[in-house]
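Novice: give me a model of this one.
(one chain, ligands or ions: 1)
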Amino acid sequence: MNTCNARDQWDNDATDVFVTYGEAFVPYRQEQYKTICGLLPESHPYRVVELCCGEGKLCRVLLEGLPQATLQACDGSEVMLQKARANLAEFGNRFQADLFDVHNHNWRKFSPPVNAFVSSLALHHLTLEEKPGFYRDLYDSLAPNSMVPAGRKLQPIQPVEFIGNKSLR
Ligand SMILES: C[S@@+](CC[C@H](N)C(=O)[O-])C[C@H]1O[C@@H](n2cnc3c(N)ncnc32)[C@H](O)[C@@H]1O
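Specialist: Reported below is the predicted structural model:
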């Protein structure tokens, strides 16, 4: 469980470290991505938004595994976004990468509604105080029968938590 109650700062040095060493210190990284992908339907058009996408490694698994999905990926690092755009150029207009600050509220309105918000190794950047409003705002932007799966930070035993499904409410 995340007990963080203060905002941390992510800078270009953190980006460099994560891009260089992420494969070494993230356990079961591909398994986390495949588990998230496996929760989403393969067979019909689907609008996915990834929060804090980094250089686009989960994006690639989603775009390859869900051929009818389009993906809007957001991150707070221009360096990460440039890498994601370069890494995923082959997917053309199925992929879009935008700058955002996960702490802000201004990006949390989506039209048309989103079918799935996904994230991996990133939502620990939100404080405990921020999380209820954050999940409420995501919920309000979801289409019916939609979901919010997210991979947790360094949790190899239970790598993916299924945060919510609008159809259950
Ligand atoms: C540990 S990396 C995970 C990246 C990616 N999700 C992955 O699985 O490889 C954390 C990501 O969160 C982004 N990030 C950190 N603080 C942020 C903020 N306030 N707003 C948006 N993105 C932020 C970083 O730029 C970085 O890409």
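
Novice: buried ones in the helix or strand where Ser119 lies?
Specialist: Element membership for Ser119 (DSSP states H and E) is strand 114-120. Neighbour-count burial for strand 114-120 flags 114-120 (criterion: 16 or more other CB atoms under 10 Å). C-beta here means a position set from N, CA and C on the backbone, and glycine is covered the same way.

Novice: just checking, what packs against the next helix or strand after that strand?
Specialist: Counting by DSSP H and E, the next helix or strand C-terminal to strand 114-120 is helix 131-140. Applying 3 or more CB pairs under 8 Å, 6 or more residues apart in numbering; DSSP states H and E, we find helix 131-140 packed against strand 142-151, strand 160-165.

Novice: worst mean pLDDT among those?
Specialist: The weakest mean pLDDT among the helices and strands packed on helix 131-140 belongs to strand 160-165, with a mean of 58.

Novice: near the ligand at all, the strand holding Ser119?
Specialist: Yes: Strand 114-120 is in contact with the ligand by CB under 6 Å from any ligand atom, via Ser120.

Novice: let me know the average pLDDT across stretch 47-61.
Specialist: Per-residue scores along stretch 47-61 average to 97.

Novice: quick check: end-to-end length of it?
Specialist: Distance across stretch 47-61, first residue to last, is 15 Å (CA to CA, to the nearest Å).

Novice: that one vs the ligand: in contact?
Specialist: Yes: using CB under 6 Å from any ligand atom, stretch 47-61 reaches the ligand at 52-54, 57-58.

Novice: show me the contacts for the residue nearest in space to the middle of the chain.
Specialist: Nearest to the mean C-alpha position of the chain, by CA atoms, centre = their mean, lies Ser119 at 2.3 Å. Contact analysis of Ser119 by CB atoms under 8 Å, 6 or more residues apart in numbering lists 50-52, 150-151.

Novice: read off the pLDDT value for it.
Specialist: Here the pLDDT value assigned to Ser119 is 93.

Novice: measure it to Phe100 for me?
Specialist: Ser119 is 12 Å from Phe100, where distance means CB to CB, to the nearest Å.

Novice: since that was my last question, I'll sign off now.
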